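Undergrad: Predicted coordinates and the sequence they were generated for:
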Amino acid sequence: MQSLVDFLNGIIWSPVLIYLCLGAGLFYSITTRFVQLRHFREMWRLLLSGKSSAQGISSFQALAVSLSGRVGTGNIAGVAAAIGFGGPGAVFWMWVVAFLGAATAYSESALAQIYKEEDEDGQFRGGPAYYIEKAMGQKWYAWLFAIATIFACGVLLPGVQSNSIGNAVEAAFGPGQMIETTIGTISLAKIVTGTFVSIILAFIIFGGVKRIANFTQIVVPFMALAYIVVAFIIILLNINMVPSIFMMILGDAFTPMAGVGAAIGWGVKRGVYSNEAGQGTGPHAAAAADVQHPAQQGLVQSFSIYIDTLLVCSATAFMILITGAYNVHGGAEGMFLVQNLAADIGANGPVFTQMAIESAMPGIGKPFIAFALFFFAFTTILAYYYIAETNIAYIRRSVKVPGMMFVLKAVLIVAVFYGTVKTANLAWAMGDVGVGLMAWLNIVGILIIFFLSKPALKALKDYEEQQKAGVTDFTFDPVKLGIKNADFWEKKLHGKVTSEEVEGAEPVKTTI
């Protein structure tokens, strides 16, 4: 199984995808005139304003749901893997992906808002499948993305998150009794952890998007803040080492100890995994927000990249590098370019981060990371569920199969339990397949959409013009901007029936 998944990753995560991620971010940064810098103050204003409605959630709630997907295992275990396989220089390439990816995040999230819909349950729905169909006019491609995303977010990716929870709990509190099962020998700690996570997950996902949003808007900011505070304490205690760590990261980025391909490849791969810019996951939460103008949620989602990578990921990286709690793997099995820790400590897990905090704060590191990883990874699983649910809702527009949502919930819960107990290498490799498939389909899609009609760029320019005019209540008129198939906004502004409603209406009967 491991060899098959590694083979698939070798194809999906070829240098083409790595440079496509970087190239798309650079392209959108240039075409939006570096929106991620110019509108930084506006991002803060929008983040603190806005309210939820019966149909949608607030900008902050949408950010929290999105951050629950972005701030997860990738920030703790993913950064460790980037350093462990790509060297300290991989951190620099994570920063590059984050900075450029913020522009990509604006574009894909603005598209999600432009082409969102109100579903049969009265909730806002949207995402890549919706904007690919409406802006590209390629329904088959939209279906391909939807199916790939359901598989990735419903089966492959949740296992990565729950696996890290299980490993962190086992490292913090011990494995306990070892139990023989049909899938191998498993520690009692992992079985208990998997059962507990599955029960709590079932309670929340059966409550719908509102319950998910209400849970994540409390948990995510609290845990992110607590994690950053601990990281900053460790950094402040070793403040004299910060300049040398910066120089290590920058120096290794261009003369990498693990090779140019390893530093850039692992930095980009884990960067995309962590901040999700271009992956196509963030737009789902962005579409659920109730805002005055699509550009507003695009800006809020762009800001989430800064929180994820430039704050949380950087905090992890500096803790690991300051304390020296890492190894850098060489090309051959069992070979290390840098070995500070025991040879049997794997990089695909939270152990580097746990040992970094443990060395600075004895007795705190392992249980703290287990606690933090539980909330980070658990909220990410919730975000994955919501994303998969949205794509099933997209498919149900055309094909109504009873019980699809229930099957998704059941499969997700099983995947989470199984992911808790399987090996870390297999879990991460399967997650990489899911991330890679979605990134390929979404980035190609948003680039084609840009060249066809530039809807996200038109929305940004329209928003900026209204800003200059001193508008306080923003409006969005897709017809005026030449944007087609933005049915929700047409109906909201003009009170007209949409093209879809006209096509589905009964023919008018007349008598002569």
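TA: Good, I have the coordinates.
Undergrad: And the helices in the stretch 51-200 of the chain?
TA: 59-70, 73, 79-86, 89-114, 128-131, 139-151, 157-173, 188-205 (DSSP state H, counting those that start in this stretch).
Undergrad: Out of those helices, indicate the one that is most buried.
TA: A comparison of the helices of the stretch 51-200 of the chain by mean neighbour count, using mean count of other C-beta atoms under 10 Å, puts helix 128-131 on top with a mean of 32. (Each C-beta comes from the backbone N, C-alpha and C, glycine too.)
Undergrad: quick one on the thing from earlier: now tabulate the helices of the stretch 51-200 of the chain in JSON lines and tack on distance to Leu481.
TA: Shown next, in JSON lines, are the helices of the stretch 51-200 of the chain (distance: least, C-beta to C-beta, whole Å):
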{"stretch": "helix 59-70", "distance to Leu481": "22"}
{"stretch": "helix 73", "distance to Leu481": "40"}
{"stretch": "helix 79-86", "distance to Leu481": "40"}
{"stretch": "helix 89-114", "distance to Leu481": "10"}
{"stretch": "helix 128-131", "distance to Leu481": "15"}
{"stretch": "helix 139-151", "distance to Leu481": "22"}
{"stretch": "helix 157-173", "distance to Leu481": "35"}
{"stretch": "helix 188-205", "distance to Leu481": "37"}
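Undergrad: mind checking which of these is nearest Val401?
TA: With C-beta to C-beta, the closest approach to Val401 among those belongs to helix 139-151: 12.6 Å.
Undergrad: Identify all contacting residues around the closest one.
TA: Helix 139-151 is contacted from outside by 127-130, 132-133, 136, 280-281, 387-388, 391-392, 394-395, 408, 434, 437-438, 441-442, 445, using C-beta atoms under 8 Å, 6 or more residues apart in numbering.
Undergrad: Just the buried ones out of those residues, please.
TA: By neighbour count, with 16 or more other C-beta atoms under 10 Å, the contacts of helix 139-151 hold 127-130, 132-133, 136, 280-281, 387-388, 391-392, 394-395, 408, 434, 437-438, 441-442, 445 as buried.
Undergrad: what does the model give Met361 for pLDDT?
TA: According to the prediction, Met361 has pLDDT 82.
Undergrad: hang on, the earlier thing: identify whichever of the helices of the stretch 51-200 of the chain lies nearest to Ser314.
TA: Here helix 89-114 is closest among the helices of the stretch 51-200 of the chain (C-beta to C-beta), at 7.5 Å.
Undergrad: now the closest one against helix 79-86, angle please.
TA: 130 degrees (axes from the mean of the first three to the mean of the last three C-alpha atoms, to 10 degrees).
Undergrad: lowest-confidence helix or strand of the protein?
TA: Ranked by mean pLDDT, DSSP states H and E, the weakest helix or strand in the chain is helix 499-504, scoring a mean of 43.
Undergrad: where along the stretch 201-350 of the chain do the strands fall?
TA: 327-329, 336-339 (DSSP state E, counting those that start in this stretch).
Undergrad: so which of those strands is the most packed in?
TA: strand 327-329 (a mean of 22).
Undergrad: name the helices or strands packed onto that one?
TA: helix 79-86, strand 336-339 (3 or more C-beta pairs under 8 Å, 6 or more residues apart in numbering; DSSP states H and E).
Undergrad: what helices or strands is the shortest one leaning on?
TA: Using 3+ C-beta pairs under 8 Å, 6+ apart as the contact criterion, the secondary-structure elements in contact with strand 336-339 are strand 327-329.
Undergrad: Understood, closing this out.
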